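Trainee: Quick one: sequence and predicted model below, then my questions.
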Amino acid sequence: MAKQRVLFVALCLDYGGAERHLSMVMPALAERGWPITIYCTNRLGAFTQDVRRGGVDVIGPPIEADARKTGRLKRMLYATFAGARLFRLMRKLKPEVVHFFLPEPYMIGAPISLLQRVPIRVMSRRSLNLYQRQWPGVRKIEGRLHPHMTAVLGNSRPVVDDLIGEHVAPSRIGLIYNGVALDAFETPFDRDAFRKSLGFSNNDLVMTMVANLSPRKAHSDAIEALALASSRMRRPWTLLCAGRDDGCQERLQAQIAQKGLQHRIRFLGERADVPDLLRASDMGLLASHEEGFSNAILESMAAGLPMVVTNVGGNTEAIADGVSGLIVPPANPSALADAIVRLAEYPALAAALGAGARRRVHEHFSNQACVDRYEALYNGLLAGRAVNEIAIVRASVAEPDTRASQMLAGK
């Protein structure tokens, strides 16, 4: 039977968790025979050409804008133009499925999909609903739209809990975890040469934090933790921070200077070689105060890195504490420092956790498994089944193994 057209509606295809996720999922669905179109309401972005080469039709808004640099009034005007083009696009394509990612595309596109009578309407929530506090009225608007969706998806159990708290009908709620393209971490790689290009020797301890510089990613906590940990680490160390500046870099650099860590922490900006950067590292960090489900964690796990992450969002569903990484409380630099020192000073433990991370991501979080769930979702909905009748969309991650537990207990 011929696959039906799916129209994705998202902000952009630039560097970011949701965007990276879409850039992997959509070409994989297209390869399986699904006619895929994505409409970007804000701008196109860095992944556009890769996605197009994957057989996906990518369409941008009539006026491109960067939501991070555009005032609210102008942003609302641009959204009006973007909505008008989306209205015409839906009328032209007549998709059987329309799938919204992130709040702004959802609020722009969902009413249009109702006017156009698109049969299957799906919304994906990619983060906790804390953003609703910053935008008065968003919770009410989304609450009015939810009952009209065929499916409302979360990417972690805390996100699903938020949706339940917003009174979304349980029969409409599904859970699809992010996936990672594992082949990017399995190509031939000269680790020593890459480290040398960055100025590191084999003896240096290289930590990497892949996260855009925004308050919720809590780079400030990581800096404070490293200041506390520095005197306890015997190897020369460096933290590499990969991600765009969302307005925090100047403040963070001042904090680094105040702590005397100018030669220990580097800001690399947006990177296209994240898999190689991670494979050249020894440890991964994520100090976030909030998360939905982090692609950066999955990529670090795929690179075989032991991770130190905070207990927020879906982090504890990705990382099995003591098996594939260490989990610490959020906003607690002291606990973060202790975990960093533990991995830095006990290489055998770090190696065991890194191996556990690679094993776990292969077993549960491959891009193939993620795409299988999307395909099952669309096939099920098109066949008239409710989300809670599609088993794979409700599938839970298996309980972790305990191969590093005794070692962790002893350290």
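Mentor: Perfect, I can see it now.

Trainee: hey, let's count contacts and neighbours off CA atoms from now on
Mentor: Fine.

Trainee: just the strands in the stretch 201-350 of the chain please.
Mentor: Taking DSSP state E, counting those that start in this stretch as the criterion, the stretch 201-350 of the chain contains strands spanning 205-210, 237-242, 265-269, 283-286, 307-310, 325-328.

Trainee: now those in JSON lines, with mean pLDDT and distance to F101?
Mentor: What follows is these, written out as JSON lines (pLDDT from 0 to 100; distance: least, Cα to Cα, whole Å):
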{"stretch": "strand 205-210", "mean pLDDT": "98", "distance to F101": "21"}
{"stretch": "strand 237-242", "mean pLDDT": "98", "distance to F101": "24"}
{"stretch": "strand 265-269", "mean pLDDT": "97", "distance to F101": "25"}
{"stretch": "strand 283-286", "mean pLDDT": "98", "distance to F101": "23"}
{"stretch": "strand 307-310", "mean pLDDT": "98", "distance to F101": "25"}
{"stretch": "strand 325-328", "mean pLDDT": "98", "distance to F101": "28"}
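
Trainee: most packed of the ones you listed?
Mentor: Mean neighbour count (mean count of other Cα atoms under 10 Å) peaks for strand 283-286 among the strands of the stretch 201-350 of the chain, with a mean of 28.

Trainee: tell me what that one is packed against?
Mentor: strand 205-210, helix 295-302, strand 307-310 (3 or more Cα pairs under 8 Å, 6 or more residues apart in numbering; DSSP states H and E).

Trainee: Throw those into TSV and include distance to Q249, thanks.
Mentor: Output for the helices and strands packed on strand 283-286, formatted as TSV (distance: least, Cα to Cα, whole Å):
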stretch	distance to Q249
strand 205-210	14
helix 295-302	19
strand 307-310	21
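
Trainee: Let me see the domain layout of this protein.
Mentor: Here the domain parsing of the chain from automatic domain parsing is 6-175, 182-364.

Trainee: of those, which approaches V393 most closely?
Mentor: Among the domains of the chain, domain 6-175 comes nearest to V393, with 5.5 Å by Cα to Cα.

Trainee: wait, which of the helices and strands packed on strand 283-286 is closest to I108?
Mentor: Nearest of the helices and strands packed on strand 283-286 (Cα to Cα): helix 295-302, 25.6 Å.

Trainee: what mean pLDDT does stretch 341-359 have?
Mentor: On average, the pLDDT along stretch 341-359 is 97.

Trainee: Packing partners of the longest helix anywhere in the chain?
Mentor: Scanning the chain for the longest helix, with DSSP state H as the assignment, gives helix 72-93. Helix 72-93 sits against helix 103-115, with contacts defined as 3+ Cα pairs under 8 Å, 6+ apart.

Trainee: what is the orientation angle of the helix it packs on with helix 72-93?
Mentor: Counting by axes from the mean of the first three to the mean of the last three Cα atoms, to 10 degrees, helix 103-115 lies at 40 degrees to helix 72-93.

Trainee: Which residues does helix 103-115 contact?
Mentor: By Cα atoms under 8 Å, 6 or more residues apart in numbering, the residues outside helix 103-115 that reach it are 9-11, 41, 79, 83, 86-87, 90, 98, 100, 121, 123, 125, 141-142, 145, 148.

Trainee: Could you give me the ChimeraX syntax to select whichever of the residues you listed are buried?
Mentor: Here is the ChimeraX command that selects the buried residues among the contacts of helix 103-115 (16 or more other Cα atoms under 10 Å):
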select :9,10,11,41,79,83,86,87,90,98,100,121,123,125,142,145,148
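
Trainee: Which of the contacts of helix 103-115 fall in strands?
Mentor: Among these, the residues falling in strands (DSSP state E) are V9, A10, V98, F100, R121, M123, R125.

Trainee: ok now do the second one, which residues does it touch?
Mentor: So the one you mean is A10. A10 is in contact with I38, Y39, C40, T41, F100, F101, L102, P105, counting by Cα under 8 Å, 6+ apart.

Trainee: Include distance to D321 when you put these into TSV, please.
Mentor: TSV is the format used below for the contacts of A10 (distance: Cα to Cα, whole Å):
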residue	distance to D321
I38	37
Y39	39
C40	37
T41	39
F100	33
F101	30
L102	29
P105	35
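
Trainee: so which of these is the most crowded?
Mentor: Counting neighbours by other Cα atoms under 10 Å, T41 leads the contacts of A10 with 29 neighbours.

Trainee: Which one of the domains of the chain lies nearest to L381?
Mentor: domain 6-175 (7.1 Å).

Trainee: And the closest one, end to end?
Mentor: 19 Å (Cα to Cα, to the nearest Å).

Trainee: where in the chain is pLDDT low?
Mentor: Within the chain, the segments meeting pLDDT under 70 span 1, 67-72, 395-411.

Trainee: Quick one: residues in contact with stretch 40-58.
Mentor: By Cα under 8 Å, 6+ apart, stretch 40-58 touches 9-15, 19-20, 23-24, 26-28, 30-31, 35-39, 59-61, 63-67, 78-79, 82-83, 105.

Trainee: Kindly check the end-to-end length of stretch 94-103 for me.
Mentor: Using Cα to Cα, the end-to-end distance of stretch 94-103 comes out at 23 Å.
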